[in-house]
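Visitor: Output the structure for:
(4 chains)
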4 protein chains.
Amino acid sequence: MIIALKKNTRKEDRDHLIAWLESYGVGTHVSEGEYQTVVGLIGDTTRIDTDLISGLEIVDSVTRISEPFKKANRKFHPDDTVVQVADKAAFGGGQFELIAGPCSVESEQQVLTIAEAVQKSGAGMLRGGAFKPRTSPYDFQGLHEEGIRILLEVRKRTGMPIITEIMDIAHLPLFEEVDVIQVGARNMQNFELLKELGKIDKPILLKRGLANNIKELLMSAEYIMAGGNEQVILCERGVRTFETYTRNTLDLSAVAVLHELSHLPVVVDPSHATGAARYVKPMAMAAAACGADGLMIEVHNDPPHALCDGPQSLTPEQFDDVAKAVRKVRAAVA
Amino acid sequence: MIIALKKNTRKEDRDHLIAWLESYGVGTHVSEGEYQTVVGLIGDTTRIDTDLISGLEIVDSVTRISEPFKKANRKFHPDDTVVQVADKAAFGGGQFELIAGPCSVESEQQVLTIAEAVQKSGAGMLRGGAFKPRTSPYDFQGLHEEGIRILLEVRKRTGMPIITEIMDIAHLPLFEEVDVIQVGARNMQNFELLKELGKIDKPILLKRGLANNIKELLMSAEYIMAGGNEQVILCERGVRTFETYTRNTLDLSAVAVLHELSHLPVVVDPSHATGAARYVKPMAMAAAACGADGLMIEVHNDPPHALCDGPQSLTPEQFDDVAKAVRKVRAAVA
Amino acid sequence: MIIALKKNTRKEDRDHLIAWLESYGVGTHVSEGEYQTVVGLIGDTTRIDTDLISGLEIVDSVTRISEPFKKANRKFHPDDTVVQVADKAAFGGGQFELIAGPCSVESEQQVLTIAEAVQKSGAGMLRGGAFKPRTSPYDFQGLHEEGIRILLEVRKRTGMPIITEIMDIAHLPLFEEVDVIQVGARNMQNFELLKELGKIDKPILLKRGLANNIKELLMSAEYIMAGGNEQVILCERGVRTFETYTRNTLDLSAVAVLHELSHLPVVVDPSHATGAARYVKPMAMAAAACGADGLMIEVHNDPPHALCDGPQSLTPEQFDDVAKAVRKVRAAVA
Amino acid sequence: MIIALKKNTRKEDRDHLIAWLESYGVGTHVSEGEYQTVVGLIGDTTRIDTDLISGLEIVDSVTRISEPFKKANRKFHPDDTVVQVADKAAFGGGQFELIAGPCSVESEQQVLTIAEAVQKSGAGMLRGGAFKPRTSPYDFQGLHEEGIRILLEVRKRTGMPIITEIMDIAHLPLFEEVDVIQVGARNMQNFELLKELGKIDKPILLKRGLANNIKELLMSAEYIMAGGNEQVILCERGVRTFETYTRNTLDLSAVAVLHELSHLPVVVDPSHATGAARYVKPMAMAAAACGADGLMIEVHNDPPHALCDGPQSLTPEQFDDVAKAVRKVRAAVA
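Guide: The predicted model follows:
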């Protein structure tokens, strides 16, 4: 961390700051310039609050050289983390999974039909929403408890582990038997929820917020990991840009950046990112080509009549085609 | 609402869609073009899910002509809503209030000192954070229950109503005596929280999310109002842009737009928007000039040592200067 | 195009508008609703200025249903355009090319060394900047005429066609022998330049602006094509987002969207998009996987000492590795 | 400037870098940390190309502490620059002007009518577009030479100095008698144009690009000033955000930031920023309240029939009302 001091800072104020910084266990090095004095910090600066320092009267600017995340940081954990799900699926360290299923759970018959189809096409995990975040209070909000019950029933019949989204801490008991808990984009900075999920022993799939950058995603992962739960799967699902032909803009370079900065596995969701079924295949192939550790894809047996997010769902036949294409790409880049 | 159908849509599919739409109580009008058939919807389309329709095989595009919010919509409630707080403060309909106080509650002495100072300068309401959303799990997170206790104690001694931020439904019982509950920018789309706040009888100050547009802000207000609680104060606090000299970009045109679209009062927070004390005065004056119904400003008796967001806090003396300038502007534009 | 009229519009004003619209050769269809009257336009609305209409007192909103671009529109030209370059390279319709070379032309020896290396690795075209757009007036601006002379000399010795960027109409005579003229991101809406390039008979590679959406890119292509020059290659090179780990965010879904909306070939530039050599390979592979018609990649024989944009340049050896990986991906997805 | 070196940098490579940096006339100071070695640069680093340095193999990151602009920098020119226009108008140093007129010049009668009206309401300068940047090649592009002739004729009859936009260097001779040349948002980084405008002796009004930040705006001003022309007026006209109710988002905090960083005057254009006549008054008042040195406002005698940008034009009567309100606000904040 580099702290630039204002031009006419008195020596005693500077010394006062340095003493305070050193009380956090970091070393300091002062470099005096013609226009500015710069204090360099040496050691672990993770616990130093840059906002606090930049508020000091004598400080001109504060720049972090090293990253503020630690447990999620590849520098301190060079090897890939492999997140194992119920001995049936695994993400990271070369292991790749297809997660597929409907946006919303509508009925047991619907989920079972889709699950059996996508399993045959190679999906290793089943997704389905029981609690749905919707912009309008008048839109369908999900089947809640009943939705989770249906997912568990279909897991029993197919053997596929399940993932579903949580929207509030109060619902946590309902997720006890769920294999992976998903934190949606709008809750990426719901810090109270993240802290609670840090206390449980279950993989968490953390989606990037619509206007959040990679550092913020990793800081949110850090919230979960700081609590003791290190089974975090990161998920790129598109960011908000000025483009309107796609719902969001899938940031595939985030896959490469996340793999460099962190040891955590990275899954890509081309369905929500593009918002259109016809763009899912090219984006799934691109994600596989650049090293994603998994894909999460919406599949519906009757997309036009889906209760939620119909336009972005593939039919089981289309999913089968995507799964084959993805396997080919993965074989080529192996 | 305007639904454009694909070119070769069969008549029976079109009729099927129209019958379904009319089951929602809206009228329809079909206009056949050379390239496209367009179905116009007439009546209250609030409950029609555009995502669902645009997912239909035969649909090319869906365009909303009227707004999807209803209770927050000025078209249906032409008069300004005045949100009354404990018979001591009021927002909207020409009534204007200054809300001031520290970012975080640190101690009773601190809060009391600041409260007495800002009250003398004309602030009608006291703010202070007990639960703090922080990007890093290693940064200070607030005093929690103790923070709320301190605020209530200071209210007793000064008579100033208090506002403080909620971060999770589970904490709601702690807010029973709080006068106004604040929903922060990161929770603007925490729909479960909004629904819960719709069930209580207490004003809610709802901050705009960092990358959310005005329609989304009003849809979140609609979540609260749909539950029965119509005492909502909207708050513009800056949006994320590519600018880096300010923390966010204060969108003052949102004040004018919100006043046109909605009857709810609009408060502006120049402290969080700019992230720098030296920009608070010009932005407070500008907000007053364009019709804000209140201002929320951070004040700290010792900004350099504030535990949180120091750089954006004014001293009580600076606040007094801002309050005077704001009064002058309001007098000029009255 | 759909025009919604204000509630109490007088019949004579409405008839006046309709007569004026029909003078443009479009048909109209009026649909009267309880809250609004909607006028639908039928036929070619390309020449109707939506800004002008939305300015009319009686108009509430204007919505385009069909696209405002015509010559670039796949609806009117279903087959892929193949842009042929000097009988040596071709883009589109299944034809794919690697364009490689230094960011800036520094010397004949430098360009020749790089050209021979990348040609051996499979590049079909040579890039190199003679005029460089730089944010600071104090940064290196390119060799200008001398740079173009060097590129032409290297073309003579290697047979590789060349592409280089134009920054001003006044320089056009210098580009007479250049094979493809590049329009950079900052000039995507330099409409006077686009109009001039519409009058010549030479392929133009048009880069997407940093904050421009796909429709604006196609409208800029339309500027060139409207003048008579239909040899336009579109180039996705990343858009500005809130991410800071990469210089820009490569929008690969734009490849799929552009291929759907337009018949023009689409090239991807992973070097400028990411701004970092280490992300070029994964992004090049991803672009190949989702159907790009070519790649433009920066290669420098001595990246650390490049006069411009060093961090994003590959060495010739690294480029060889990328070219091999891209070929494998293309073979897998063929 | 702070350069952080990679962990295992060899001493000879480091010394090589330092020698090269010192050849630019800057001093250096090395600080060795446990994880990183940091080189601090002391003196004028304006001419050092950060891109070039960050490309070096041994460099981890480069951070500018001081600003890369110099002639536009208030640090080196503490006093406000006052840009004087033809002894009739002046911007900066407490001097404030209203610039008003039609978006496009349509006819002499139109411009004269508007000019006489706005002059009576207090406008000190006349605006009008002769060359119009339009997204579509099929939209009206301006009257060109004839437009400038009309403006000059109206200047002769009213005595009002005129400002009009240039779109290409080739047109510069036509602007010889124009009082102030405007560079539009889309040309803010048309560096060849900026360099040419740096060679003339005439005030330039430079608009901020739609997705450009304040530093980039000042770097573009620096391009003009580096050529010798220091009469630059900066113009805030809104930036692109995710908001759709306004055309762009007016960034009024930019006024305060620009006044802090630079000595150049700052004018605000609420008409283009909001794109709607009804938001011009509140935004004009807000701009006046926060210290703008002038306002540029579109006025049309017949807004619904304006050939360009109708929705954002005021009538002369509305302008008179805005001018009065702005004067009141300025009196209150003086």
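
Visitor: And the strands in chain A?
Guide: Taking DSSP state E, the strands of chain A run over residues A:2-5, A:27-32, A:37-42, A:59-63, A:83-85, A:89-91, A:97-101, A:125-127, A:162-166, A:180-183, A:204-207, A:232-236, A:266-268, A:294-298.

Visitor: Quick one: those strands as CSV, columns for distance to chain C and mean neighbour count too.
Guide: For glycine as for every other residue, the C-beta is placed from the backbone atoms N, C-alpha and C. Converted to CSV, the strands of chain A look like this (distance: least, CB to the nearest CB, whole Å; neighbours: other CB atoms under 10 Å in any protein chain shown):
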stretch, distance to chain C, mean neighbour count
strand A:2-5, 17, 23
strand A:27-32, 24, 16
strand A:37-42, 21, 22
strand A:59-63, 13, 19
strand A:83-85, 21, 20
strand A:89-91, 18, 24
strand A:97-101, 16, 27
strand A:125-127, 21, 28
strand A:162-166, 23, 25
strand A:180-183, 20, 23
strand A:204-207, 16, 26
strand A:232-236, 11, 27
strand A:266-268, 10, 27
strand A:294-298, 13, 27
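
Visitor: Tell me which of those sits nearest to chain B.
Guide: Smallest distance to chain B across the strands of chain A (CB to the nearest CB): 8.6 Å, for strand A:59-63.

Visitor: any chance of the strands of chain A in TSV, plus mean pLDDT?
Guide: Formatted as TSV, the strands of chain A follow (pLDDT from 0 to 100):
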stretch	mean pLDDT
strand A:2-5	81
strand A:27-32	78
strand A:37-42	79
strand A:59-63	78
strand A:83-85	97
strand A:89-91	97
strand A:97-101	98
strand A:125-127	98
strand A:162-166	98
strand A:180-183	98
strand A:204-207	98
strand A:232-236	98
strand A:266-268	98
strand A:294-298	97
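
Visitor: Figure out which of those strands is closest to C:Leu174.
Guide: Nearest to C:Leu174, of all these, is strand A:59-63, at 42.4 Å by CB to CB.

Visitor: who's in contact with the closest residue to A:Tyr245 other than its chain neighbours?
Guide: Nearest non-adjacent residue to A:Tyr245, counting by CB to CB, 6 or more residues apart in numbering or on different chains: C:Val257, 4.7 Å away. Contacts for C:Val257 (CB atoms under 8 Å, 6 or more residues apart in numbering or on different chains) come out as A:Tyr245, A:Thr246, A:Tyr279, C:Ile214.

Visitor: Hmm, the second one is touching C:Ser253, no?
Guide: Yes. With contact taken as CB atoms under 8 Å, A:Thr246 and C:Ser253 are classed as touching, separated by 4.9 Å.

Visitor: So between these two, which is more surrounded?
Guide: Applying other CB atoms under 10 Å in any protein chain shown to A:Thr246 and C:Ser253 shows that C:Ser253 carries more neighbours, namely 31 against 22.

Visitor: per-residue confidence for that one?
Guide: As predicted, C:Ser253 sits at a pLDDT of 98.

Visitor: How about A:Leu261?
Guide: 94.

Visitor: cool, and A:His305?
Guide: We have a pLDDT of 62 for A:His305.

Visitor: what does A:Arg10 give?
Guide: So A:Arg10 comes in at 84 (pLDDT).

Visitor: which ones are touching the residue nearest to it when sequence neighbours are not counted?
Guide: Once flanking residues are discounted, A:Arg10 sits nearest to A:Ile58: 8.0 Å by CB to CB, 6+ apart. For A:Ile58, the contacting residues are A:Leu5, A:Lys6, A:Thr9, A:Arg10, A:Asp13, A:Arg14, A:Leu17, by CB under 8 Å, 6+ apart.

Visitor: please redo it, this time with the cut-off set to 10 Å
Guide: Applying CB atoms under 10 Å, 6 or more residues apart in numbering or on different chains to A:Ile58 gives the contacts A:3, A:5-10, A:13-14, A:16-17, A:37, B:304.

Visitor: does any bit of the lowest-mean-pLDDT helix or strand in chain A sit next to chain D?
Guide: Confidence across the helices and strands of chain A bottoms out at helix A:50-54, with a mean of 75, counting by mean pLDDT, DSSP states H and E. No. Helix A:50-54 does not reach chain D (CB under 10 Å from any CB of the partner chain); its nearest approach is 13.1 Å.
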